[in-house]
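sequence below, structure please.
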Amino acid sequence: STSHHQSGSHHAQIDKLKREHELLSLALRSLTYPFYVIDANDYSILLDNSQPRLQPEQKGTKCYAAIHGVSRPCDEAGVSCPLEIIKKTGKPVVVEHVHHDETGQPRHVQVCGYPVLDESGEITSIIEYSLDITDRKLAEERQRFAMRVMNLLNQPSSEIDTIRTILYQVKEFTGFEAVGIRLRDGDDYPYYETSGFPSVFLEKERYLCARDEDGSVLRDADGHAELECMCGNVVRGRTDPSLPFFTDGGSFWTNGTSELLASTSEEDRQSNTRNVCNATGYESVALIPLRSGDETIGLLQLNDKRRDMFTLGMITFFEGIGASVGIALARNRAEEALQKAHDELEIRVQERTTDLRKTARALKVLSECNQSLVHAASEPELLDKICDILTGVGRYRLAWVGFAENDERKTVRPVSQAGFEDGYLERLDVSWDDVERGRGPTGTAIRTGAASISQDVLTDPKFAPWRSEASRRGYASSIALPLRVAD
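Prediction:
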């Protein structure tokens, strides 16, 4: 009876252990990430949750061979080895490795290792499992890139410098062969800045406007310029998200232009495409709109001759970047336009203020000249007083009065002057005859009976005979007014 009871208890313990083993096996196989137990002495895998029996197919399989496909331990290849670190420290460890999936694509993994100790406290093996952190790493990298772009957009740099730096950052971040930005300029959207495109490509693709045989821009029924090719589709919003090469955000993208052209019609592609990208060898092409609100102010273009360079997630990410760039550029252009309008207004106000001051001065000159006409006792006194008023109130550097003589040379005789003269009139030698020394302001005013002006004595060819003497005394312009006497 006692023996039978002991036998039943033993079987119950065995059944319990089996159930626990099955539960543990099920738990290990249910893990969605690799889980290993590795011998601390020889790197051999003791447990592998990817195998049906949790055992490696071949006994003695080394961890570095199974996981990395190499013939020597990780630390000998310059890669952090969790096992060796644990053996040195006796503590759990977390390292990052780059593994490759079935297609050969690199994947970032976080490798976690924990020591397994025997009764004497010696490390006999380690537990190691790997978590794929590729998406997290990509999100972190994209966040850092987006922050760099935002910082650039908030720097007080010129537009061209900002865009040039952003393109450099995009090219470096993505590794794409060619990148460019188009911005609206009048009716067209030419390349504003590019990097990596050959000059022949840029000559063909720089502008988007369709033109007739005479070179005139073609326009639609609403008067808008017709924009060609896929770039024109994105700028004009001619995108159908039900088609695989357009997105809900209004972008175009393809990982194979050759396949796209072979499998679609121009009607599918929404317009007549030039196909220069494909002819140049670019297979992966993306066109991202740069928007400010509902307005598209340009686009970001990404090209590469390698296939399969894009994912929808990448396009969506760059649509967010494009929106930020578009808003910032539109804001900067609005601020520049506002500043320009402000500066122009300031100039007009200054010009108007100057004009008003000149007018007020002229009116005061006229008023005081009229007073002199009333109070002057003689003609010489009147002429002297008027010259004084012109240089004092009118602020002219020199004022003088000359009489036309009826001699053979038709000379002009100075009779009164005020201001800075410094011997100028002595060297004047001016005539009112139709000769070289009579075609300046003085001679012309007397001969024609109308006011004559030289706005710039340094450039006016008719003032050449007196230019040297005038410029030496600081005279910049000259006006001559005829004095009439009643018949």
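
surely Phe176 and Ser195 touch.
No: between Phe176 and Ser195 there is no contact, the gap being 9.4 Å when judged by Cβ atoms under 8 Å. Bear in mind the C-beta positions are built from the backbone N, C-alpha and C, glycine included.

just the strands in the stretch 301-450 of the chain please.
398-404, 412-419 (DSSP state E, counting those that start in this stretch).

from the contact counts, what lies against the first one?
Using 3 or more Cβ pairs under 8 Å, 6 or more residues apart in numbering; DSSP states H and E as the contact test, the elements touching strand 398-404 are helix 379-392, strand 412-419.

neighbouring strands - and their directions - for it?
strand 412-419 (antiparallel) (DSSP bridges).

quick one: residues contacting the residue positioned nearest the centre of the chain.
The centre of the chain sits closest to Ile163, judged by Cα atoms, centre = their mean, with a distance of 2.1 Å. Neighbouring residues of Ile163 by Cβ atoms under 8 Å, 6 or more residues apart in numbering: Ile181, Leu183, Tyr192, Glu193, Leu329.

how about a cut-off of 7 Å?
Ile181, Tyr192, Glu193 (Cβ atoms under 7 Å, 6 or more residues apart in numbering).

what about the last one, distance to Gln301?
In other words, Glu193. Here the criterion is Cβ to Cβ, to the nearest Å. By it, Glu193 lies 11 Å from Gln301.

go on, Asp118?
The value you get for Asp118 to Gln301, if Cβ to Cβ is used, is 63 Å.

who's more crowded, the two?
Gln301 (26 against 9; other Cβ atoms under 10 Å).

so what's the residue count around Thr89?
10.

need the pLDDT of it.
pLDDT, Thr89: 94.

sorry, back to before: need the strands of the stretch 301-450 of the chain in TSV (columns: mean pLDDT, distance to Asp248 and mean neighbour count).
Rendered in TSV, the data for these read as follows (pLDDT from 0 to 100; distance: least, Cβ to Cβ, whole Å; neighbours: other Cβ atoms under 10 Å):
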stretch	mean pLDDT	distance to Asp248	mean neighbour count
strand 398-404	96	76	19
strand 412-419	95	77	18
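
verify the contact between Gly438 and Ser431 for me.
Yes: the pair Gly438 / Ser431 is scored as a contact, 3.9 Å apart, by Cβ atoms under 7 Å.

what do those two both touch?
Lys410.

dump the residue contacts of Leu83.
Leu83 sits in contact with Ile38, Ala40, Tyr43, Gly113, Ile126, where contact means Cβ under 7 Å, 6+ apart.

before we move on, the earlier item: adding distance to Leu458, write the strands of the stretch 301-450 of the chain out as CSV.
Below are the strands of the stretch 301-450 of the chain laid out as CSV (distance: least, Cβ to Cβ, whole Å):
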stretch, distance to Leu458
strand 398-404, 16
strand 412-419, 20
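
three-state assignment of Val111?
Using DSSP: H, G, I helix; E, B strand; the rest coil, the structure places Val111 in strand.

check contacts around it.
Pro82, Val95, His97, Glu128, Ser130.

which pLDDT value goes with it?
On the pLDDT scale, Val111 gets 94.

quick check: it vs Glu141, distance?
20 Å.

how about Glu379?
Where Glu141 is concerned, Glu379 sits at a distance of 92 Å (Cβ to Cβ).

so Pro52 is in which element?
Secondary structure assignment for Pro52, by DSSP states H and E: no helix or strand.

so what's the residue count around it?
8.

what of Val276?
With other Cβ under 10 Å as criterion, Val276 counts 14.

got the contact list for Trp253?
Phe245, Ala286, Phe310, Ile315.

show the backbone phi and psi for it.
phi -160, psi 150 (degrees, to the nearest 10).

just the pLDDT at it, thanks.
pLDDT, Trp253: 96.

do the same with Gln6
pLDDT, Gln6: 60.

over to the one 4 residues further on?
In this model, His10 is scored at 68, pLDDT.

equivalent analysis for Val217, please.
Value for Val217, per-residue pLDDT: 90.

if you count neighbours, what's buried in stretch 36-56?
36-40, 43-49, 54, 56 (16 or more other Cβ atoms under 10 Å).

Gly438 and Ser431: which is more packed in?
Neighbours were counted for Gly438 and for Ser431 using other Cβ under 10 Å; Ser431 has more, 24 against 21.

does that one have beta-bridge partners, and which?
Thr411.

please tell me how far it sits from Ala464.
The separation that Ser431 has from Ala464, given Cβ to Cβ, amounts to 14 Å.

related to what we said a few turns ago, which of the contacts of Val111 has the largest number of neighbours?
Pro82 (25 neighbours).

grab the CA positions of stretch 377-390 and hand them over as PDB.
In PDB, the C-alpha atoms belonging to stretch 377-390 read as follows (Å, rounded to 0.1, in the frame of the first residue of the first chain):
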ATOM      1  CA  ALA A 377      15.600 151.000 -54.700                       C
ATOM      2  CA  SER A 378      17.500 150.100 -57.900                       C
ATOM      3  CA  GLU A 379      18.000 147.400 -60.400                       C
ATOM      4  CA  PRO A 380      21.500 146.400 -59.100                       C
ATOM      5  CA  GLU A 381      20.100 146.200 -55.500                       C
ATOM      6  CA  LEU A 382      17.200 144.000 -56.700                       C
ATOM      7  CA  LEU A 383      19.500 141.600 -58.600                       C
ATOM      8  CA  ASP A 384      21.900 141.400 -55.600                       C
ATOM      9  CA  LYS A 385      19.000 140.800 -53.300                       C
ATOM     10  CA  ILE A 386      17.500 138.000 -55.400                       C
ATOM     11  CA  CYS A 387      20.900 136.200 -55.700                       C
ATOM     12  CA  ASP A 388      21.200 136.500 -51.900                       C
ATOM     13  CA  ILE A 389      17.800 135.000 -51.400                       C
ATOM     14  CA  LEU A 390      18.500 132.100 -53.800                       C
END
